[in-house]
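S.K.: Take a look and give me a structure for this.
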Amino acid sequence: MMESLLNWNMRAALYLLLFSIAYLLLLRRNASAGFNRFYLLLTSVLALVLPLISLTVFQVHNDAVYAAFQLPEILVNNLGASDTVVAESTGFSLRIFSVFALVSLFFLLLYVSRLLYILVLIFGHQKEKHAEMTLVKLQNDKVPFSFFHWLFVSDALKSDRRFEAVLAHEKAHSKRLHSLDVLFIELLQIVFWFHPAWYFMRAELKAMHEYEADAIAIAAVNKTTYQRSLLELTTFGGMLWLTNPFNVSLIKKRLLMMNRKNGNQPSQKWLKLLMVLPFLAAAIFIQSCNFGTDKTEEITVKEVETARENLPEPETPEVPQEPEAEIFTVVEEMPVYPGGASEMMNFLANNIQYPEQARRQKIQGRVFVNFVVEKDGAVSNVKILRGIGSGCDEEAIRVVELMPKWKPGKQRGQAVRVSFNLPVKFVLE
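M.R.: Below is the predicted model:
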C-alpha cells in the first residue's frame with residue numbers, strides 16, 4: 001500500500017510537470033481566460049487519474065530485459081539473514097512516506113482551518129441580501145473578497161462609490177463558480193505541496209479567474225470607473241486563501257487584458273490545444289511503461305533461457321495435459337505475499353541460513369532465484385538463474401519453496417501465473 005501510494009504520487013507529479021510545461025510553452029499567452037482555465041483544471045484532474053489507469057503495454061529497462069518482476073534484495077551474513085533486511089528493502093520508502101504523510105497532514109489541517117475560519121466569518125457577522133449576493137459585513141477594512149455567493153465587505157466600503165465595481169467583480173466570480181476551482185486546486189496542495197508545477201498552475205488558475213471576472217464586470221459597469229476602483233483598492237489589507245479577493249497583485253496584467261482588443265480566434269485556440277497532444281502522449285507512454293527498479297544486477301532473458309535449458313526434461317505424462325498457462329511478469333493486480341512485502345522479507349530472514357560449506361570456502365555473492373506464483377497462489381518452478389554454488393543456491397531454493405501461498409495475481413479479473421526474481425546476497429562479515 002505504501003509503495004503504491006508513493007508510486008502513484010511520483011507519476012502524478014511527473015504528469016503535472018508535463019502539463020505545466022505544455023501550458024507555459026503553448027497556452028500561457030492565450031487571450032482566452034476561460035480556455036486556459038479549462039485546460040488547467042482538466043490537466044490537474046488528469047494528473048490525478050492517469051496513474052490509476054493500468055496501461056502496461058511496454059517494458060522499459062536500462063541495459064537488459066527483465067524476465068520477471070524483481071523483488072527487493074535480501075542480505076544474508078554469516079550469522080544468518082540480517083536483521084536489517086526489512087529496513088533495507090522498505091525502510092527508505094517508509095521514511096519518505098512518513099515525511100510526506102506528515103507534511104500532507106499539516107496542509108490538510110491548514111485547508112480545514114481556512115474553511116472553518118470562513119464559516120466563522122459567515123455565521124459570526126451580520127448578513128444581508130444584495131443583487132444575488134449575500135453581503136457579510138466585516139468590521140475592519142479587510143480587502144473585499146467572495147466565497148461562492150457570500151461577499152465579505154466592510155461597512156465603509158459598502159457605502160463607497162467603488163462598491164458597484166467590487167460587486168460586479170465578485171458577482172462574476174460567483175456566477176463562474178471560481179470558488180469551486182479554488183477549493184479543488186488548494187486541496188491538491190495536500191498531494192503536491194513539494195511540486196513547483198502546482199504553485200505555478202495555482203497562480204495561473206487564479207489569474208484566469210481575475211481575467212474572467214474583469215471581462216464580465218466591465219460589461220456591467222463603466223470600464224474607466226472599474227479600472228480606477230481597482231487601482232484605488234490595491235492599498236487595502238491582506239486577503240484570505242480559498243476566496244476570490246478583489247485586488248490580487250495582478251493589476252498590470254489585468255489592466256492589459258481588459259484593454260486587449262483582439263484575442264485568439266477559436267481555430268487558433270484549438271490548434272494550440274492540439275499542440276498539447278504530444279505532451280499527453282508522453283504522459284500516456286510513461287503510464288504504459290514498467291520501469292525496472294533493481295539497484296544491483298540485472299538478469300537478462302538470455303540468462304533465463306539458459307537456466308531453463310539446464311533444467312532436467314520433465315517426464316512425459318501418460319495422459320495428455322493442457323499446455324501450461326502463460327506466465328506474466330507484470331499484471332494489473334500483482335500477487336501479494338500474506339501480510340505484504342515486509343512480512344515476506346521477515347519470513348526469508350527468519351528461515352535462511354549461510355551454508356557451512358560456503359563459510360569454510362569464504363564464498364560470497366548474489367544468488368538470483370526465479371519462481372512462479374500460480375493461479376491459486378502457490379509457489380512453483382523455483383530455480384536458480386545465477387548462482388554461486390557451495391550450498392548457497394540450494395539454500396535459497398529451499399527457503400523460497402517454504403513460502404506459504406500468496407494472494408494470486410489477476411489480469412482483466414482472471415487469476416494468472418506471475419514470475420518473480422529474488423536476489424539473495426550472501427556476505428561474510
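
S.K.: ok, which stretches of the stretch 251-400 of the chain are strands?
M.R.: Along the stretch 251-400 of the chain, the segments classed as strands by DSSP state E, counting those that start in this stretch run 289-291, 327-328, 365-373, 379-386.

S.K.: next one: the shortest one to chain centre, how far?
M.R.: I take that to be strand 327-328. 28 Å (CA atoms, centre = their mean, to the nearest Å).

S.K.: Show residues contacting it.
M.R.: Outside strand 327-328, the residues that touch it by CB atoms under 8 Å, 6 or more residues apart in numbering are V372, G409, Q411, V416, R417, V418, S419. The C-beta positions use only the backbone N, C-alpha and C, and glycine is treated the same way.

S.K.: Filter these down to the buried ones.
M.R.: By neighbour count, with 16 or more other CB atoms under 10 Å, the contacts of strand 327-328 hold V372, G409, Q411, V416, R417, V418, S419 as buried.

S.K.: if I look at F38, how far off is S146?
M.R.: Relative to S146, F38 is positioned 21 Å away (CB to CB, to the nearest Å).

S.K.: Who has more neighbours out of these two?
M.R.: Higher neighbour count among F38 and S146: S146, with 27 against 13, using other CB atoms under 10 Å.

S.K.: Would you convert the buried ones among the contacts of strand 327-328 into TSV that also reports pLDDT and distance to I218?
M.R.: Output for the buried ones among the contacts of strand 327-328, formatted as TSV (pLDDT from 0 to 100; distance: CB to CB, whole Å):
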residue	pLDDT	distance to I218
V372	94	69
G409	92	60
Q411	89	57
V416	93	62
R417	93	66
V418	93	62
S419	93	65
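
S.K.: thinking again about what came up before, nearest to M403, of the strands of the stretch 251-400 of the chain?
M.R.: With respect to M403, and counting by CB to CB, the nearest of these is strand 379-386 at 4.7 Å.

S.K.: Quick check: buried residues in that closest one?
M.R.: Buried, per 16+ other CB under 10 Å, within strand 379-386: V379, V382, K383, I384, L385, R386.

S.K.: picking that back up, out of the buried ones among the contacts of strand 327-328, which two sit at the greatest distance?
M.R.: The most widely separated members of those, counting by CB to CB, are V372 and Q411 (14.3 Å).

S.K.: Walk me through the domains of the protein.
M.R.: 2-55+101-289, 71-100+296-312+324-429 (automatic domain parsing).

S.K.: Could you tell me the least trusted of the ones you listed?
M.R.: Lowest mean pLDDT of those: domain 71-100+296-312+324-429, a mean of 81.

S.K.: roughly how far is that domain from the heart of the chain?
M.R.: The chain centre lies 28 Å from the centre of domain 71-100+296-312+324-429; the measure is CA atoms, centre = their mean.

S.K.: Which one of the buried residues of strand 379-386 is nearest to L48?
M.R.: Using CB to CB, V379 is the member of these that lies nearest L48, at 36.1 Å.

S.K.: The closest residue to the closest one other than its chain neighbours: neighbour count?
M.R.: Nearest non-adjacent residue to V379, counting by CB to CB, 6 or more residues apart in numbering: M403, 4.7 Å away. By the other CB under 10 Å criterion, the neighbourhood of M403 contains 20 residues.

S.K.: what kind of secondary structure is M403 in?
M.R.: Here M403 is recorded as coil under DSSP: H, G, I helix; E, B strand; the rest coil.

S.K.: Return the backbone torsion pair for it.
M.R.: phi -60, psi 140 (degrees, to the nearest 10).

S.K.: The strands of the stretch 251-400 of the chain: which one's closest to L428?
M.R.: Among the strands of the stretch 251-400 of the chain, strand 365-373 sits nearest to L428 (CB to CB), with 10.4 Å.

S.K.: List the buried residues in the closest one.
M.R.: Neighbour-count burial for strand 365-373 flags R366, V367, F368, V369, N370, F371, V372, V373 (criterion: 16+ other CB under 10 Å).

S.K.: mind listing what the residue nearest to the first one when sequence neighbours are not counted touches?
M.R.: It stands for R366. Among residues not flanking R366 along the chain, K425 sits closest, at 4.9 Å (CB to CB, 6+ apart). Taking CB under 8 Å, 6+ apart, we find K425 in contact with E73, I74, L75, V76, T296, G365, R366, V367.

S.K.: isn't the last one right up against F426?
M.R.: In this case it means V367. Yes. Here V367 reaches F426: they are 6.9 Å apart, a contact under CB atoms under 8 Å.

S.K.: What degree of burial does D214 show, as a neighbour count?
M.R.: 23.

S.K.: in what helix or strand does it lie?
M.R.: For D214, the element it lies in under DSSP states H and E is helix 196-217.

S.K.: C-terminal to that helix, what's the next element?
M.R.: Remark: after helix 196-217, the chain's next helix or strand is helix 223-232, criterion DSSP H and E.

S.K.: From M201, how far out is L40?
M.R.: 6 Å.

S.K.: ok, back up a step: can I get the buried residues of strand 365-373 in JSON lines including distance to L110?
M.R.: Converted to JSON lines, the buried residues of strand 365-373 look like this (distance: CB to CB, whole Å):
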{"residue": "R366", "distance to L110": "47"}
{"residue": "V367", "distance to L110": "50"}
{"residue": "F368", "distance to L110": "48"}
{"residue": "V369", "distance to L110": "48"}
{"residue": "N370", "distance to L110": "49"}
{"residue": "F371", "distance to L110": "47"}
{"residue": "V372", "distance to L110": "48"}
{"residue": "V373", "distance to L110": "43"}
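
S.K.: what's near enough to touch L242?
M.R.: Counted by CB under 8 Å, 6+ apart, L242 has contacts Y111, R114, L115, I118, F147, S179, V182, L183, E186.

S.K.: Leaving aside the residues adjacent along the chain, what's closest to it?
M.R.: Nearest to L242 is R114, by CB to CB, 6+ apart, at 5.0 Å.
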